[in-house]
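> structure of the sequence below:
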Amino acid sequence: MTFQIHTIETAPEQSKALLSDSLKAFGMIPNLHAVMAESPAVLESYKILHDKFQSTSFNAEELTVIWQTINVENNCHYCVPAHTGIANMMKVDPDISEALRNRSKLPNEKLQQLHETTLKLVRERGILSEKTLNEFFEVGYEKRHLLEIVLGISQKVLSNYINHLADTPVDKAFEAFTWRK
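A predicted model of the protein is given here:
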């Protein structure tokens, strides 16, 4: 199925300001935003979810673990490279990104537990065992963190699924981080 990669000029009227904001924020209009512009409600919702997830209690490494765990699990050809580039911009240790991209062990127990819990939330659709919960809490996470992971999952469902539907081309800025399962 072919989706239009909208510009500010071709986008529906209600998406034009949203795309202008993306251009100001990123110095470009990410192809994901250009595809989402077809539905102003989707683009606006995605941007809100993205902003809200970044304002959670997670630091840059933890945000990256959650995003990339979901992206890799959902086999998102667009989001894995994009979030690798974003992680670099956020000064996240490249070893963390590589571990997530390659499904290998993370450098510390707390991040590994965050990865495993996020993965179980995605795979089990929010149903976690008592053992998983206890292991999550033992490394220092709290109940609010579970809710915040679900927020991250919500954001990534929008982007990952839309990228599958649209076969969104990876932006030139992230081509160096191209990834395939």
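
> what are the boundaries of the helices in this protein?
Per DSSP state H, the chain carries helices over the ranges 13-26, 31-36, 40-54, 60-73, 79-89, 94-102, 109-123, 130-138, 143-166.

> for the first one, packing partners?
Looking back up the chat, that one is helix 13-26. With contacts taken as 3 or more CB pairs under 8 Å, 6 or more residues apart in numbering; DSSP states H and E, helix 13-26 sits against helix 31-36, helix 40-54. To be clear about C-beta, it is placed using only N, CA and C from the backbone, and glycine gets the same treatment.

> where does this structure dip in pLDDT?
1 (pLDDT under 70).

> how near is residue 15 to residue 42?
Taking CB to CB, to the nearest Å as the measure, residue 15 falls 9 Å from residue 42.

> tell me which of the two has more neighbours.
Neighbour count, other CB atoms under 10 Å: between residue 15 and residue 42, residue 15 has more, with 24 against 15.

> now do the buried residues in stretch 141-149.
141, 145-146, 148-149 (16 or more other CB atoms under 10 Å).

> excluding sequence neighbours, find me the nearest residue to the residue nearest in space to the middle of the chain.
The residue lying closest to the centre of the chain (CA atoms, centre = their mean) is residue 67, at 3.9 Å. Leaving aside its chain neighbours, residue 67 sits nearest to residue 83 (4.8 Å; criterion: CB to CB, 6 or more residues apart in numbering).

> ok, the one you found to residue 135 distance?
25 Å.

> who has more neighbours, these two?
Regarding residue 83 and residue 135, a neighbour count based on other CB under 10 Å identifies residue 83 as having more, with 29 against 16.

> any idea how far residue 27 is from that one?
Separation of residue 83 from residue 27 (CB to CB) stands at 17 Å.

> cool, and residue 142?
Residue 142 is 36 Å from residue 27, where distance means CB to CB.

> still on that earlier bit, which residues does the residue nearest to residue 67 contact?
Residue 83 is in contact with 64, 67-68, 71, 97, counting by CB atoms under 8 Å, 6 or more residues apart in numbering.

> thinking again about what came up before, what's near enough to touch the residue nearest to the centre of the chain?
Neighbouring residues of residue 67 by CB under 8 Å, 6+ apart: 79, 83, 86, 152, 156.

> returning to that earlier point: quick one: which of the helices and strands packed on helix 13-26 is nearest residue 165?
Minimum separation from residue 165 across the helices and strands packed on helix 13-26 (CB to CB) falls at helix 31-36, 8.5 Å.

> pull the residues that contact that closest one.
Residues contacting helix 31-36 (CB under 8 Å, 6+ apart): 3-7, 11, 18-19, 22, 42-43, 46-47, 78-79, 82, 158-159, 162-163, 166, 168-171.

> how far does stretch 19-26 sit from the chain's center?
Distance, stretch centre to chain centre, for stretch 19-26: 18 Å (CA atoms, centre = their mean, to the nearest Å).
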